[in-house]
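Here is a sequence with its predicted model. Questions after.
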Amino acid sequence: VKGYLQQIKANARLNVFNEVFDQEALASAKTVDARIKKGTAGKLAGMVIAIKDNICYKDHKVTASSRILENFTSIYSSTIVERLLAEDAIIIGRCNCDEFAMGAANENSFFGAVKNFADEKRVSGGSSGGSAVAVQAGMCHAAIGTDTGGSVRQPASFCGVVGFKPTYGRISRHGIISYASSFDQVGTLTKSVEDAALLFEIMAGADEFDGTLSQKPVPKADVHTKDTGKKKIAYLQEALSSPGVDADVKNTLINSIEKLRADGHTVKAISFEYLEYLVPAYYILAMAEASSNLARYDGVHYGYRSPNATDLTSTYKLSRSEGFGKEVKRRIMLGTFVLSAGYYDAYYAKAQKVRRLIKDQTNEILQEYDFLLTPTAPEPAFPIGKKEKDPVVTYLYDIFTVQASLAGLPAISLPTGNNSKGLPLGLQLLGKGFAEEELLNFSEYFL
Ligand code: GLN
């Protein structure tokens with residue numbers, strides 16, 4: 001804990017933590033140490049973990065990096081925090097993220113952008129940018145993030161760490177601040193696949209507080225028993241033919257394909273019929289759900305209340321206008337629009353149908369193949385401020401990650417080395433629903 005605290009202090013300029021629980025972490029370390037000596041310690045004894053600041057932890061602040069929750073303290077712990085603590089993990093602090101997890105660069109945080117440790121002029125990725133850099137810069141052993149459309153996988157790829165999002169319905173969302181509930185899923189940022197598997201095993205599984213959770217037993221992924229079976233892997237042809245994909249990203253994909261083939265795996269190019277509908281369908285649905293979820297921040301129940309409010313209407317209006325940032329407001333307005341009576345069928349209902357087609361076709365591909373291999377992001381980390389002005393450009397960045405989110409499937413981003421500028425590159429492996437064990441075991445191959 002002391003080592004990590006030093007590293008956090010020495011790199012405070014990266015803006016990774018919204019709060020560091022220094023005294024508390026030191027005290028927990030002592031308690032855990034005593035348990036280790038007594039032989040009663042849990043499976044995570046001594047593992048120092050950072051959590052994204054949209055995960056509730058009793059008696060600690062949780063802000064979702066928004067002004068509207070700046071001074072909000074959680075009165076209960078999320079199921080995942082309880083499970084981590086029950087196994088003697090030590091929580092070292094809460095990490096900066098995009099406001100309400102809306103973003104792909106961590107530039108939408110009320111507390112400012114997180115800087116990439118590989119190049120401080122560049123973004124960390126998002127929305128779990130703080131969690132990714134915390135692991136990248138050695139400020140903790142592992143970090144927890146949330147992934148709605150790529151928020152664990154994409155920053156993992158920008159920061160050269162492993163980012164794992166399990167199947168939708170695997171990990172409880174109880175105590176996670178909602179963004180888009182039919183997509184939101186807890187994920188991990190780690191240095192190894194082994195750590196991802198261990199954390200998954202502890203956090204996953206039925207929870208009476210989350211009715212969307214599967215009752216299926218959670219597999220124990222033993223990533224040490226190397227999976228030597230020959231796999232059938234599909235890759236997206238467009239990832240190599242599209243001019244929008246960076247040359248180094250293409251090369252890392254080509255190298256992996258060649259290595260897989262040389263090792264006797266079957267790798268084939270496929271073309272995904274609904275590729276151009278992935279981003280539009282995701283954003284219509286995510287914004288619709290967000291506009292509904294964020295209706296609860298009204299200046300009355302909890303969070304920020306405008307000091308200028310004089311009656312109920314101005315309390316709502318001013319608290320929300322002053323409390324939410326620009327991107328969050330944009331999404332609430334667009335989400336409300338696609339749900340409004342006149343446009344519901346044209347946008348929301350249509351996007352739901354498209355989601356079904358995407359899900360069915362993805363599952364069809366996975367009946368023929370074991371995995372789908374794609375880049376995690378079209379480019380490595382870009383300079384801070386470069387894309388901020390055009391939200392659509394940033395939305396398009398999610399082209400490879402939203403497919404797993406729309407289909408509710410598990411996916412992992414694996415670091416595949418750096419480009420000539422020293423910027424990390426990553427590939428994404430997408431697997432069958434509830435087959436995390438198979439996915440994690442094979443992921444070792446890439447490291
Ligand atoms: N970039 C995507 C968005 O802004 C994904 C974010 C996320 O996964 N939380 O919605």
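Yep, that arrived.

which residues in the stretch 301-447 of the chain form strands?
371-375, 411-418, 424-430 (DSSP state E, counting those that start in this stretch).

which stretch among the ones you listed comes nearest the ligand?
The ligand lies closest, by CB to the nearest ligand atom, to one member of the strands of the stretch 301-447 of the chain: strand 411-418, at 11.6 Å. Bear in mind the C-beta positions are built from the backbone N, C-alpha and C, glycine included.

Pull the residues that contact that closest one.
118, 152-154, 156-157, 160-165, 193, 196, 252, 255-256, 376, 401, 404, 424-431, 439-440, 443, 446-447 (CB atoms under 8 Å, 6 or more residues apart in numbering).

same question, stretch 438-447
162, 164, 192-193, 196-197, 200, 221-223, 225-227, 231, 256, 260, 370-371, 410-412, 414-416, 427, 429, 431-432.

how about it: buried residues?
Applying a neighbour-count criterion of 16 or more other CB atoms under 10 Å, one finds E438, L439, L440, N441, F442, S443, E444, Y445, F446 buried in stretch 438-447.

remind me which residues of the stretch 301-447 of the chain are low pLDDT?
388 (pLDDT under 70).

What is the burial count for the closest residue to H60 other than its chain neighbours?
In space, and not counting its chain neighbours, H60 is closest to S74: 6.0 Å by CB to CB, 6 or more residues apart in numbering. Other residues within reach of S74, judged by other CB atoms under 10 Å, total 18.

can you give me how far stretch 62-71 is from the chain middle?
Its chain's average C-alpha position is 18 Å from that of stretch 62-71, according to CA atoms, centre = their mean, to the nearest Å.

and if you look at stretch 346-366?
The answer for stretch 346-366 is 22 Å, by CA atoms, centre = their mean.

That stretch vs the ligand: in contact?
No. Remark: stretch 346-366 sits outside contact range of the ligand, by CB under 6 Å from any ligand atom, the gap being at least 14.0 Å.

Identify all contacting residues around that stretch.
234, 270, 272-274, 277-278, 280-281, 284-285, 288, 337-339, 372, 403, 406-409, 430-433.

Narrow these to those that are buried.
Applying 16+ other CB under 10 Å to the contacts of stretch 346-366 flags 234, 272, 274, 277-278, 281, 284-285, 288, 337-339, 372, 403, 406-409, 430-433 as buried.

count of neighbours near K58?
15.

got it, and K250?
When neighbours are counted by other CB under 10 Å, K250 comes out with 16.

what does the one 5 residues further on give?
Neighbour count of N255, defined by other CB under 10 Å: 13.

Up against the ligand, what does the stretch 51-200 of the chain have?
Close to the ligand, as judged by CB under 6 Å from any ligand atom, the stretch 51-200 of the chain has residues A101, M102, G103, A104, S127, D147, T148, G149, G150, S151, Y179.

Could you dump those into TSV and include neighbour count?
What follows is these, written out as TSV (neighbours: other CB atoms under 10 Å):
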residue	neighbour count
A101	29
M102	29
G103	28
A104	26
S127	37
D147	30
T148	27
G149	29
G150	34
S151	37
Y179	27
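
for the residue nearest the centre of the chain, what are its contacts?
The residue lying closest to the centre of the chain (CA atoms, centre = their mean) is V152, at 2.4 Å. Residues counted as contacts of V152 (CB under 8 Å, 6+ apart) are S128, S131, G145, T146, G163, F164, K165, G187, T188, L189, S413.

Report the separation between it and G125.
The gap separating V152 from G125 is 10 Å, by CB to CB, to the nearest Å.
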